[in-house]
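> Predicted model and sequence below, questions to follow.
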Amino acid sequence: MVMLDKPKRRAAQSSVPAFDPVERVTVTEQVYRRLKDGLMTGRFAPGQKVAIRGLADALGASPMPIREALHRLQAEGAIEITQTGRIRIVSLTLEQLRDVRDARMALEGMLGERAAARVTSDDMAEIVAAYEAMETSVGSGDREGYLASNFAFHRRIYFVADCRITQRVVESLWLLMGPCFFLLTPDGSHLARSMEAHRAIRDALAAGDGPAARAAVCDDIMQAAASLSLLLAKTKEG
């Protein structure tokens with residue numbers, strides 16, 4: 001081994017290329033991610049009013065990063081901020097629900113099909129674990145647990161598909177749909193149909209059957225949209 005003398009060693013160290021400094025995740029970014037995940041996992045209901053002080057207390061943050069995160073979510077169409085400063089979660093109309101449904105079927109169906117061609121045994125272990133967590137939550141009536149594991153199930157599948165741009169678009173649709181899922185969890189018949197669709201997705205992925213995975217993902221989306229359409233129609237009539 002050739003040993004460097006001190007001058008040469010210093011020269012070698014100074015030859016390291018320049019890099020931008022490592023960025024730390026800001027409090028605002030952390031708040032934004034928490035609220036975004038909360039919306040996608042159905043922890044908020046459509047039309048629910050939220051207060052900056054209440055969110056600040058819940059997240060252990062000051063009002064300023066809460067406001068900044070909320071303005072980002074407003075730009076993404078997930079929340080509404082009125083001229084008087086009132087904040088509420090967006091409620092979809094029937095027409096908007098159909099638009100989101102069609103976009104989800106096209107994009108998430110494609111991601112499901114691609115995932116079937118890429119899924120590994122380690123991926124399947126995580127997907128099966130999320131499926132089983134959903135099943136347990138349905139059996140125990142754990143609404144929050146079901147919604148969290150449902151999101152984890154789909155997110156893992158779409159991660160496996162490895163289409164990052166499409167995945168970001170899908171997450172923007174889940175920002176709108178997540179609160180709607182909150183409305184469906186008390187419906188036992190919907191949950192039973194949903195679990196059938198999830199079982200079909202799981203089995204298609206395990207078999208590496210892309211078309212079957214796409215069909216099962218689309219069926220899951222259709223089931224949810226149909227149940228929500230009935231619910232929104234009744235709410236409109238009332």
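Yep, it's here. Numbers count the residues shown, from 1 in each chain.

> okay, CA-based contacts and neighbour counts for the rest of this
Noted.

> Tell me how many other residues crowd the closest residue to Glu76 other than its chain neighbours.
Leaving aside its sequence neighbours, Glu76 sits nearest to Ser172 (Cα to Cα, 6 or more residues apart in numbering; 7.2 Å). Counted by other Cα atoms under 10 Å, the residues lying close to Ser172 total 17.

> Just the pLDDT at Ser172, thanks.
You'll see Ser172 listed with a pLDDT of 95.

> In which helix or strand does it reside?
Counting by DSSP states H and E, the element that carries Ser172 is helix 164-184.

> Next: Ala125.
Going by DSSP H and E, Ala125 is part of helix 121-140.

> List the neighbours of that helix that are in contact with it.
Identification of contacts with helix 121-140 by Cα atoms under 8 Å, 6 or more residues apart in numbering yields 143, 145-147, 149-150, 152-153, 156-157, 160, 191, 195, 198-199, 202, 205-206.

> tell me the average confidence for that helix?
For helix 121-140, mean pLDDT is 96.

> ok, back up a step: Produce a ChimeraX select command limited to the buried residues of the contacts of helix 121-140.
Remark: buried members of those, expressed as a ChimeraX selection using 16 or more other Cα atoms under 10 Å:
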select :143,145,146,147,149,150,152,153,156,157,160,191,195,198,199,202,205,206
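
> I'd like the list of the contacts of helix 121-140 that fall within helices, please.
Those of the contacts of helix 121-140 mapping onto helices are 143, 145-147, 149-150, 152-153, 156-157, 160, 191, 195, 198-199, 202, 205-206, per DSSP state H.

> Could you pull up the residues touching Ile66?
Ile66 touches 28, 31-32, 52, 55-56, counting by Cα under 8 Å, 6+ apart.

> Ile81: neighbour count?
Residues near Ile81, counting by other Cα under 10 Å: 14.

> Nearest spatial neighbour of it, chain-adjacent residues omitted?
Of all residues not flanking Ile81 in the chain, Ile87 sits nearest, at 4.6 Å (Cα to Cα, 6+ apart).

> Next: Ala212.
Nearest non-adjacent residue to Ala212 (Cα to Cα, 6+ apart): Ala204, at 5.6 Å.

> and the gap between the one you found and Tyr158?
Distance, Ala204 to Tyr158, using Cα to Cα, to the nearest Å: 14 Å.

> ditto for Phe44
For Phe44, the distance to Tyr158 (Cα to Cα) stands at 23 Å.

> The two: who's more crowded?
For Phe44 versus Tyr158, neighbours defined as other Cα under 10 Å are more numerous around Tyr158 (24 against 21).

> re earlier: would CSV of the contacts of Ile66 with secondary structure and distance to Ile127 be doable?
Formatted as CSV, those follow (DSSP: H, G, I helix; E, B strand; the rest coil; distance: Cα to Cα, whole Å):
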residue, secondary structure, distance to Ile127
Thr28, helix, 31
Val31, helix, 27
Tyr32, helix, 26
Ile52, helix, 35
Leu55, helix, 31
Ala56, helix, 33
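
> could you dump those residues to TSV with distance to Leu97 and pLDDT?
Formatted as TSV, these follow (distance: Cα to Cα, whole Å; pLDDT from 0 to 100):
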residue	distance to Leu97	pLDDT
Thr28	30	92
Val31	27	93
Tyr32	24	95
Ile52	28	93
Leu55	27	93
Ala56	31	93
